[in-house]
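K.L.:
structural data only, the sequence is not supplied:
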């Protein structure tokens, strides 16, 4: 049996984690998160942010695992129309669903993040019915050279014990003097080092990040577009994770993650502001140009579903298919959406909103 190359430590690790550089980075990250939380609250229908930004986070997180899809493929998959399917887009949509599942469990569990929830997320994400690893032989390798970089715990009982200790650390608030952002960086490293699942650990670990920030009250909803920074700095991410294991380099790891939070809070804020501004201008245009058609529910539909279809409008507005089709065609005639056809079905694209996502993701 392979022998683990790192002894999973008790958390928090010994030593001073709150150094002067860390305090400075903490202040920056907390300010950015506070601004994001405040601005996001101005959008009354939080489902718009959860649905649209969770899908963007899913796209960025999946790219870290080399699951790459385009915005068009992603939104097309969400429409569930007949036609060719994109396996990558389906994988990304599963991540979005897994993130939303975790958030639902957070709300119904009294704010706890449990191992049961993480196992549910794994089962949804990977479409299988097992849980933590029970079979030895897992080793993390360099994708290019095949060299073994890290061997996580191999024994099922050790994995179970380490995850039980991590669950307790995540949910104990009164006994933890650490700033929640520092605690998040420790949780993420510990989870990735335990590597508890047979597959999908990277994506589940990134879901855990944003769920924890929501649990800690730093976000109202899990909308932080955190994986974008990790995607852009993937080599640093993996190098610094390993440096903690081999050199105890906690400060460098914490600083990296705090920079990721600050950077992606600003990016997510730009998305939230863009959505808010587009909704305000869309509301005014609807009232001016199609006053008999305007409703807040219709406006919400166009932003909750950047690619929408008749069925979505029927469900959201509680109208007939004929009425929903009429509404969407009138919106297309006035340029609020662009009408497209796939097979025997029509769909309608909020092009300005999709363009906003493309601008943030670098055009892909």
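P.N.:
Arrived safely. Just so you know, these numbers come straight off a predicted model, no measurement behind them.

K.L.:
quick check: the gap between the residue positioned nearest the centre of the chain and residue 125.
P.N.:
Closest residue to the average C-alpha location of the chain: residue 57 at 3.9 Å, with Cα atoms, centre = their mean. In this view, residue 57 and residue 125 are 14 Å apart by Cβ to Cβ, to the nearest Å. Bear in mind the C-beta positions are built from the backbone N, C-alpha and C, glycine included.

K.L.:
so what sits against both of these two?
P.N.:
Residues touching both residue 57 and residue 125 by Cβ atoms under 8 Å, 6 or more residues apart in numbering: residue 95.

K.L.:
thinking again about what came up before, which residues are in contact with the residue nearest to the centre of the chain?
P.N.:
Here residue 57 is in contact with 95, 96, 99, 206, 210, 223, 224, 225, 226, 227, 228 (criterion: Cβ under 8 Å, 6+ apart).

K.L.:
filter the residues you listed down to just the ones in helices.
P.N.:
The members of those that map onto helices under DSSP state H are 95, 96, 99, 206, 210, 227, 228.

K.L.:
may I see the buried residues of the lowest-mean-pLDDT helix or strand in the chain?
P.N.:
When the helices and strands of the chain are scored by mean pLDDT, DSSP states H and E, helix 71-79 comes last with a mean of 76. Residues of helix 71-79 classed as buried by neighbour count (16 or more other Cβ atoms under 10 Å): 71, 73, 74, 75, 76, 77, 78, 79.

K.L.:
okay if I get those as CSV plus distance to residue 32?
P.N.:
Compiled in CSV, those are given as follows (distance: Cβ to Cβ, whole Å):
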residue, distance to residue 32
71, 25
73, 31
74, 26
75, 28
76, 33
77, 31
78, 29
79, 34
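
K.L.:
returning to that earlier point: least confident of the contacts of residue 57?
P.N.:
pLDDT across these is lowest for residue 225, at 81.

K.L.:
what's the closest non-adjacent residue to that one?
P.N.:
Excluding the flanking residues, the one nearest residue 225 by Cβ to Cβ, 6 or more residues apart in numbering is residue 268, at 4.3 Å.

K.L.:
doesn't that neighbour fall inside a strand?
P.N.:
No - according to DSSP: H, G, I helix; E, B strand; the rest coil, residue 268 belongs to no strand; its state is helix.

K.L.:
which SS class is the residue sitting furthest away from the middle of the chain?
P.N.:
Largest separation from the mean C-alpha position in the chain: residue 292, at 37.4 Å (Cα atoms, centre = their mean). Put simply, residue 292 is coil when judged by three-state DSSP.
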